[in-house]
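Chemist: Here's my sequence, what's the structure:
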Amino acid sequence: MEITYASSSHRDLPTISASSSSSLGSSMPNRPVKTIPLQHPNTTSSSSAPLAQAMFSRWTAKIKRTTPSQWIDTFLPCYRWIRTYKWREYLQPDLMAGLTVGIMLVPQAMSYAKLAGLHPIYGLYTGFIPIFVYAIFGSSRQLAIGPVALVSLLVSNVLGGMDLSDELYTELAILLAFMVGIMECIMAFLRLGWLIRFISHSVISGFTTASAIVIALSQAKYFLGYDVVRSSKIVPLIKSIISGAHKFSWPPFVMGSCILAVLLVMKHLGKSRKQFRFLRPAGPLTAVVLGTVFVKIFHPSSISLVGDIPQGLPSFSIPKKFEYAKSLIPTAMLITGVAILESVGIAKALAAKNGYELDSSQELFGLGLANILGSFFSAYPSTGSFSRSAVNNDSGAKTGLAGIVAGTIMGCSLLFLTPLFEYIPQCGLAAIVISAVMGLVDYDEAIFLWHIDKKDFVLWIITSATTLFLGIEIGVLVGVGVSLAFVIHESANPHIAVPGRLPGTTVYRNIQQYPEAYTYNGIVIVRVDAPIYFANISFIKDRLREYEADVDKSARHGPEVERIHFLILEMSPITYIDSSAVQALKDLHQEYKSRDIEICIANPNQDVLLTLTKAGIVELIGKEWYFVRVHDAVQVCLQHVQSLNQTPKNSDSFAEDKPSFFQRLSKQREEDLSIAELESGDKKTSVPRFTEPHLEPLLSRKS
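Modeler: Numbers count the residues shown, from 1 in each chain. Below you'll find the predicted structure:
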């Protein structure tokens, strides 16, 4: 009884193997191979239909399957939580979370507006209308949007460098909100959120760390009591602080430092101890109240105040000054990228934590619509806040109702509380900003990257340094550029492995990772762990030539041969192959053919095999050299190598007398045992023999 396990793609391989074996002499046994054919694609089948037609068919099918309820969910995400709202379970946590975030937002909004170079009232406007819009059209149930420090700094950076009047400055900030909203909506409709994936975490961490330092230094003027130059670079800020040191005033410095200390202590207690969790969101309100009470009692003349704030809700007005839109496009794109990174990142994390799905495109659409409609009510660019979203989630927010409650708190403040804001000290608002951005200084990430990946650490350093010394825009561009350069380098220099057989199994793994794995003389197995295209094909060809020339015979088994006869390409990790790679394969085949080396293909996926078929590579190499598994390719190649190794002995045997029947039977049995030993590795090294029925042999065994 004969058992074989090869699975070549060629149905006539048994005949080929039998004929090749018989032609080598009587000493080689005729061992036919049972094949499991590899299914070659038909290039005239429906799989070659136009891509646009296939995509259109999928879209129409998806539209037909969509129910009216699903259409409402798509355009009004709030409907998802409204129809399943559990009033007894959700109402109280939503009210408490909304009240907490609303109280926290009011002083923060005024602080961030000052950071953006705007009157504090525009921070309150930015924390009003966009919250309601996002609660209806946004997909996250815990994300708290509104003004944030990083976006405020970007607005100040671009508009502060232009010679503008206060009125024009405000108009352009509102126009930026409109432009950012349009860009976010376009990205949502075109589903381009995946572009942000090319910005690595180390770039984001380095950028936010440097930006936090710049933000903190820009607020120093409210502590020191004199003006500091407005800049996003650290050198001009430090020079300005040092040059104006003779104007130092100690009252705002003492008050600002005391308020900052109170904020930091309350934040620390709120994070570290559950019983004091309420202190974290109450910090900004406490700072404002303490500063206002001190000013009302002592009336210090050297401490600057916020001043008069208009009372009432914002009026409707269409953004103006569109003639400046062209010059604002780069900043709008930068703010859009930062807004997406902040909002979508934390929204996905909160969605996963609370057990619901988040659509990135719907998230972008909600943010974009919030900015567009917010610009109609005098809001500057807004996005999701890390700190307020964390507080919102920790306070138990279950749905978007928490955002509506926070927006209501802001509306009540605009209607009734703005006269009280007149006496808020500016150093108190600056302390709120500094305490908020201190958490963005992520030096722990730099230490972590140093120990884990030096390349990412270098990327973090480059992004931080360029942002600090060359400005925010250049810092982002350099960080993204270097990050993409790393991606391109990794893509152009893919990982290539040489698999070997694990002893006692038919499993092939990288010999660098598994030193006990062994290969066979005359056969090289190569696995490319990446798509093959124009950028990396030269590198792959060079590595293949190296593997052919540099053969480590210490871990090899099988017949002793002088050179390589077969190159087996394992294509299972290869998801794509382009025309340049196809041409390179043709050239490689001709080059190997001239040196009598055969290329074998193992386990290509359907798309790759279709491309090879259309390009004529399958016919060029031959269908008999395409296999389902590396195991099968090795088996067939080893048969041929064994045949080549036996050829000299066979030619000499013709001169000998014809052996007897018992001699032929004994010799054939020895050859079968010899082949089994070669394949299992027993002939070269001592490898444990496995007799379990599930471990199939590489070649046939007779019983």
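
Chemist: what's the distance between stretch 106-116 and the middle of its chain?
Modeler: Distance of stretch 106-116 from the chain centroid (CA atoms, centre = their mean, to the nearest Å) equals 32 Å.

Chemist: what about that stretch, average pLDDT?
Modeler: Stretch 106-116 comes out with an average pLDDT of 91.

Chemist: what does stretch 624-637 give?
Modeler: Stretch 624-637 carries an average pLDDT of 88.

Chemist: Then stretch 561-579?
Modeler: pLDDT averaged over stretch 561-579 gives 87.

Chemist: Ends of it, what's the gap?
Modeler: In stretch 561-579, first residue to last residue: 35 Å (CA to CA, to the nearest Å).

Chemist: same question, stretch 378-392
Modeler: End to end - CA to CA - stretch 378-392 spans 25 Å.

Chemist: now the strands: where do they sit in the chain?
Modeler: Along the chain, counting by DSSP state E, strands occupy 2-3, 145-146, 383-384, 496-497, 499-501, 508-510, 519-520, 523-528, 556-557, 566-570, 598-602, 626-627, 701-702.

Chemist: Check those strands for me and report the most buried one.
Modeler: Stretch with highest mean neighbour count among the strands of the chain: strand 145-146 (a mean of 31; mean count of other CB atoms under 10 Å). C-beta here means a position set from N, CA and C on the backbone, and glycine is covered the same way.

Chemist: List the beta-bridge partners for the closest residue to Ala339 other than its chain neighbours.
Modeler: Among residues not flanking Ala339 along the chain, Thr383 sits closest, at 3.6 Å (CB to CB, 6 or more residues apart in numbering). Beta bridges link Thr383 to Gly146, judged by DSSP bridges.

Chemist: Find the nearest non-adjacent residue to Ile238, please.
Modeler: Distance criterion CB to CB, 6+ apart; nearest residue to Ile238, sequence neighbours excluded, is Leu217 at 7.2 Å.

Chemist: Quick one: residues contacting the one you found.
Modeler: Val228, Ile234, Leu237, Ile238, Ile241 (CB atoms under 8 Å, 6 or more residues apart in numbering).

Chemist: of these, closest to Gly471?
Modeler: The closest of the contacts of Leu217 to Gly471 turns out to be Ile234 (CB to CB; 9.8 Å).

Chemist: What backbone torsions are found at Ser378?
Modeler: The phi/psi pair for Ser378 (degrees, to the nearest 10) reads phi 70, psi 40.

Chemist: how many neighbours does it have?
Modeler: Around Ser378 sit 24 other residues, with neighbours defined as other CB atoms under 10 Å.

Chemist: swap in His119?
Modeler: The tally of other residues near His119 (other CB under 10 Å) stands at 20.

Chemist: And the spatially closest residue to it that is not a sequence neighbour, how close does it get to Gly256?
Modeler: Closest residue to His119 apart from its sequence neighbours, by CB to CB, 6+ apart: Ala113 at 6.6 Å. As for Ala113, its distance to Gly256 is 18 Å (criterion: CB to CB, to the nearest Å).

Chemist: Ok, Ala584 next?
Modeler: Going from Ala584 to Gly256 by CB to CB gives 66 Å.

Chemist: and what of Ala135?
Modeler: Distance of Ala135 to Gly256, given as CB to CB: 35 Å.

Chemist: circling back: the contacts of Leu217 into TSV, with extra columns for pLDDT, distance to Val262 and neighbour count?
Modeler: As requested, the contacts of Leu217 are exported to TSV (pLDDT from 0 to 100; distance: CB to CB, whole Å; neighbours: other CB atoms under 10 Å):
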residue	pLDDT	distance to Val262	neighbour count
Val228	87	24	21
Ile234	91	27	18
Leu237	91	26	22
Ile238	93	27	14
Ile241	91	24	17
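
Chemist: what's the most distant pair in those residues?
Modeler: Spatial extent of the contacts of Leu217 (CB to CB) is set by the pair Val228 and Ile234 at 12.0 Å.

Chemist: Correct me if wrong: Leu367 contacts Ile145.
Modeler: Yes - Leu367 is within contact range of Ile145, at 7.1 Å (criterion: CB atoms under 8 Å).

Chemist: Between those two, which contacts overlap?
Modeler: Common neighbours of Leu367 and Ile145, counting by CB under 8 Å, 6+ apart, are Tyr134, Gly138, Ser343, Thr383, Gly384.

Chemist: now, which of those sits nearest Glu89?
Modeler: Nearest to Glu89 among the shared contacts of Leu367 and Ile145, with distances taken as CB to CB, is Gly138, at 21.8 Å.

Chemist: Any regions of the protein where pLDDT drops low?
Modeler: Within the chain, the stretches with pLDDT under 70 are 1-37, 39, 41-56, 59, 197, 549-556, 558, 645-703.

Chemist: one step back: for Val295, see how far away the residue nearest to His119 is.
Modeler: Applying CB to CB to Ala113 and Val295 gives a distance of 19 Å.

Chemist: what do you get for Thr613?
Modeler: According to CB to CB, Thr613 stands 81 Å off from Val295.

Chemist: swap in Leu334?
Modeler: 37 Å.

Chemist: Surely Glu516 touches Arg501?
Modeler: No - with contact defined as CB under 8 Å, Glu516 does not reach Arg501; the gap is 9.9 Å.

Chemist: just to revisit the earlier point, out of the shared contacts of Leu367 and Ile145, flag the one nearest to Leu154.
Modeler: Closest to Leu154, out of all of the shared contacts of Leu367 and Ile145 and judged by CB to CB, is Thr383, at 10.7 Å.

Chemist: residues contacting that closest one?
Modeler: With CB under 8 Å, 6+ apart, Thr383 has these contacts: Ile145, Val148, Val151, Val338, Ala339, Glu342, Ser343, Leu367.

Chemist: and the first one, how far is that from Val151?
Modeler: Just to be clear, that refers to Ile145. Distance, Ile145 to Val151, using CB to CB: 11 Å.

Chemist: hey, what's in contact with both of the two?
Modeler: By CB under 8 Å, 6+ apart, the residues touching both Ile145 and Val151 are Ser382, Thr383.

Chemist: OK, contacts around the residue lying closest to Phe294 once chain neighbours are set aside?
Modeler: Nearest non-adjacent residue to Phe294, counting by CB to CB, 6+ apart: Met255, 6.8 Å away. By CB under 8 Å, 6+ apart, the contact set of Met255 is Gly291, Phe294, Pro300, Ile303, Pro425, Cys427, Gly428.

Chemist: please redo it, this time with the cut-off set to 10 Å
Modeler: Met255 makes contacts with 222-223, 290-291, 294-295, 298, 300, 302-303, 425, 427-428, 431, as judged by CB atoms under 10 Å, 6 or more residues apart in numbering.

Chemist: which of the residues you listed tops the neighbour count?
Modeler: Counting neighbours by other CB under 10 Å, Gly428 comes out on top of those with 32 neighbours.

Chemist: May I have the residues that are in contact with it?
Modeler: Residues near Gly428 by CB under 10 Å, 6+ apart: 107, 110-111, 222, 252, 255-256, 258-260, 262-263, 284, 287-292, 294-295, 303, 305-306.
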